[in-house]
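Next one to model:
(one chain, ligands or ions: 3)
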Amino acid sequence: MTIVLTPYWSNGVQKLRVAPQPPAAPKRGLVPAAFDRDVHTERCLLQLRSKDKGIEKYIYLSYLKNEDPAMFYKLCLEHMAEITPLIYTPTVGDACVNFSHIFRRPEGLYVSIKDKGKIRDVLQNWPKIDEARISVVTDGSRILGLGDLGVNGMGISIGKLSLYVAGAGYVAMCSSRTELTTTEASDRSLPFLSALTWARTPRGTSTDPLYLGLRQKRVSDPEMEAFMDEFMQEMTATFPKLMIQFEDFSTDNAFKYLERYRKQYPVFNDDIQGTGAVVLSGFLNAAKLASAASGKPLSTHRILFFGAGSAGVGVASQLMSFFTLQGLTKEEARRSIWLVDSQGLVYDARGRLPEHKKYFSRNDYQGPPMTNLLDIIDYVRPTALLGLSTITNAFTSDVLEAMALINPRPIIFPLSNPVKLSECSFADAVEHTRGQVLFASGSPFPEQEYQGKTLYPGQGNNMYIFPGLGLAAILARVSQVTDTMVEASSLGLANSLTDEERALGLLYPQVNRIREISAFIAKEVVRAAQKSGVDRSPDLRNKSDDELLSFINQKMWKP
Ligand SMILES: NC(=O)C1=CN([C@@H]2O[C@H](COP(=O)(O)OP(=O)(O)OC[C@H]3O[C@@H](n4cnc5c(N)ncnc54)[C@H](O)[C@@H]3O)[C@@H](O)[C@H]2O)C=CC1
Ligand SMILES: CC(=O)C(=O)O
Ligand SMILES: [Mg+2]
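Residues are numbered from 1 along each chain as shown. Ligands and ions are numbered 1, 2, ... in the order given. Down below sits the predicted model:
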């Protein structure tokens, strides 16, 4: 075998590394005579398509990822629009609910409350400590809109990690080796992920003999805080190059642990910040189309949130920058946003509010509680209605018609996941706004024909953001993830639409361009990290934008 050395630069010093080799041909006799890898791609696709149910397709794809990861990711990249809903929302919701039943072999790292005091020992068991770069950490307490699923929430970490690899090619960065046989790819394609399964028997699983988690109540707040402090300290000590994504923590804990660690470690919360960024991006594009139709300036938009949890308030906070970008003050921006929760309009005179709702609580309404969404729409007269409530079909035909009555092009984003919890479907939104809706949902919906025209739904899901944001954070070796980095990811996404996509009226780029989009977002985020002074890769500072983009592209593993 010939070994080819290629030069590269590290901290200003030129070094050599072994160039990647093409996959070794399988040894004679170990595959059938006519075996051909390209034909095998078609075979795998046909096997996948032969299954009727989403969950069966999920199980097949999980098997393929473990057996032949290069093939799995090749299929993902070549059929992104078809496969994303099978490995991610909506199917991942079913996979999580049934996780303890469809479980075949462990994937990821499980740290439970029983490990408190010896978390370091558990982390040391991870097979490839030096290669760990990204971790999607959940405690399973609010999985999509499905509630507390305990250890079954691991499915969401696995799904997000698959999208990290498919969407941003993480494997290459973890590689210190050269062989690209499928077995090696398999070893290397295990990015680090962990689920913290402390301690709660989610409803419905207490009597399930197959449930894989602990069977006890979740621990008290102080005990969880002590656990989290130890966990974060040991994670960053054991894996010094690690970026941590918090995922699907219940509302209070989502806000609490983001604030507690965001200045100390490279960590972000996907539901608060990733969702904020993806919705800001789609909203920027939608608001331009809505304002063009109404003739009213962008600064006059009025946004009504149905759902005021971690995602709702996270998105509201991020949308503040939509208004400040139009020249409004922060106070004026705040006044352009209204929240609704399970008790109706959020306002000061209503009584004691949880901390995360206070900033957007209205002080200009003192009347009786306003709980009916139609009354609230009539009072607020919003240009945009955003759903993050987990309430299926809350945007009824009356609600959609009311929005269409006050806006030539109403912005309607039912963002709850999975599909069965969406506040409305695309078909209903099109029908009840006579095709005028500017639409994005958390989970995918099929396109619609309306009066001879094809209308396309947007998917306002943080999957557009976290691969590129995380990639930039890792490449720039950031010490923390700043607000300006999150905003840069959002503006990067908004600006990544092609002219053709804009001509089709899309609010988000097509998902099959995810690699290109992630690279572009990553470039913008690296620059933002440099401006914030949180980067620790000085080499990247000397690169022009083109050089940086091509560096990022080179770092992406291509199956
Ligand atoms: N599209 C995306 O990328 C994302 C979507 N989500 C989805 O957003 C949803 C909410 O997530 P979180 O904010 O983390 O949950 P959460 O539990 O923190 O918040 C839910 C909110 O909905 C409100 N709510 C409940 N019933 C209501 C009702 N009848 N009327 C009005 N409001 C009601 C609650 O008061 C709460 O404020 C989930 O379905 C989740 O999957 C979350 C993150 C990202
Ligand atoms: C998409 C996502 O992160 C969620 O629904 O929680
Ligand atoms: Mg989430």
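
residues in this structure within reach of ligand 2, list them.
Proximity of the chain to ligand 2, by Cβ under 6 Å from any ligand atom, involves residues 89, 144, 248, 270-271, 417, 442, 461-462. All C-beta atoms are positioned from the backbone trio N, CA, C, and that covers glycine.

out of those, which one sits closest to residue 121?
residue 248 (26.3 Å; Cβ to Cβ).

Look at that closest one and report its pLDDT.
Per-residue confidence (pLDDT) for residue 248: 95.

what's the answer for the one 5 residues further on, then?
According to the prediction, residue 253 has pLDDT 95.

what about the helix or strand hosting it and ligand 1, touching?
Here residue 253, judged by DSSP states H and E, is contained in helix 251-261. Yes. Using Cβ under 6 Å from any ligand atom, a contact is recorded between helix 251-261 and ligand 1, made by residue 251.

Please report how far residue 484 lies from ligand 3.
22 Å (Cβ to the ion, to the nearest Å).

Actually, residue 311.
8 Å.

quick one: contacts for residue 456?
Residue 456 makes contacts with 447, 504-506, as judged by Cβ atoms under 8 Å, 6 or more residues apart in numbering.

From the residues of the chain next to ligand 2, pick the one nearest residue 322.
Nearest to residue 322 among the residues of the chain next to ligand 2: residue 462, at 17.2 Å, using Cβ to Cβ.

so who does the closest residue to that closest one other than its chain neighbours touch?
Using Cβ to Cβ, 6 or more residues apart in numbering and skipping residues adjacent in sequence, the residue nearest residue 462 is residue 274, 3.4 Å away. Contact partners of residue 274, counting by Cβ under 8 Å, 6+ apart, are 245, 268, 462, 465-466, 469, 486.

for residue 517, same thing?
Contacts of residue 517 by Cβ under 8 Å, 6+ apart are 464, 468, 493, 496, 509.

now do 6 Å
496, 509 (Cβ atoms under 6 Å, 6 or more residues apart in numbering).

Enumerate the positions of the helix or strand containing it that are buried.
If you go by DSSP H and E, residue 517 is part of helix 514-532. The neighbour-count check on helix 514-532 (16 or more other Cβ atoms under 10 Å) flags 514-515, 517-530, 532 as buried.

before we move on, the earlier item: show me what the helix holding residue 253 is packed against.
With contacts defined as 3 or more Cβ pairs under 6 Å, 6 or more residues apart in numbering; DSSP states H and E, helix 251-261 has these neighbours: strand 267-269.

Report all helices and strands that the strand it packs on contacts.
helix 251-261.

The helix it packs on near ligand 3 anywhere?
No. Using Cβ under 5 Å from the ion, helix 251-261 stays clear of ligand 3, with a minimum separation of 9.2 Å.

who's in contact with that helix?
228, 232, 267, 269, 271, 309-310, 356.

Can you give me the buried ones in the helix holding residue 253?
In helix 251-261, counting by 16+ other Cβ under 10 Å, buried: 251, 253-258, 260-261.

Widest-spaced pair of those residues?
251 and 261 (17.0 Å).

circling back to that earlier point, how about the contacts of helix 251-261, which pair is most distant?
Greatest spacing in the contacts of helix 251-261, by Cβ to Cβ: 232 and 309 (23.1 Å).

Now do stretch 93-110: distance to the chain's middle.
Here stretch 93-110 is found 19 Å from its chain centre; the criterion is Cα atoms, centre = their mean, to the nearest Å.

go on, stretch 74-85?
16 Å.

could you dump it to PDB, C-alpha only?
Taking C-alpha atoms only, stretch 74-85 is exported to PDB below (Å, rounded to 0.1, in the frame of the first residue of the first chain):
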ATOM      1  CA  LYS A  74     -25.200   8.200   1.400                       C
ATOM      2  CA  LEU A  75     -29.000   7.500   1.300                       C
ATOM      3  CA  CYS A  76     -29.600  10.400   3.700                       C
ATOM      4  CA  LEU A  77     -27.700  12.800   1.500                       C
ATOM      5  CA  GLU A  78     -29.200  11.600  -1.800                       C
ATOM      6  CA  HIS A  79     -32.800  11.400  -0.500                       C
ATOM      7  CA  MET A  80     -32.800  14.000   2.300                       C
ATOM      8  CA  ALA A  81     -36.400  15.100   1.900                       C
ATOM      9  CA  GLU A  82     -37.600  11.500   2.000                       C
ATOM     10  CA  ILE A  83     -35.400  10.200   4.800                       C
ATOM     11  CA  THR A  84     -35.400  13.200   7.300                       C
ATOM     12  CA  PRO A  85     -39.000  12.600   8.300                       C
END
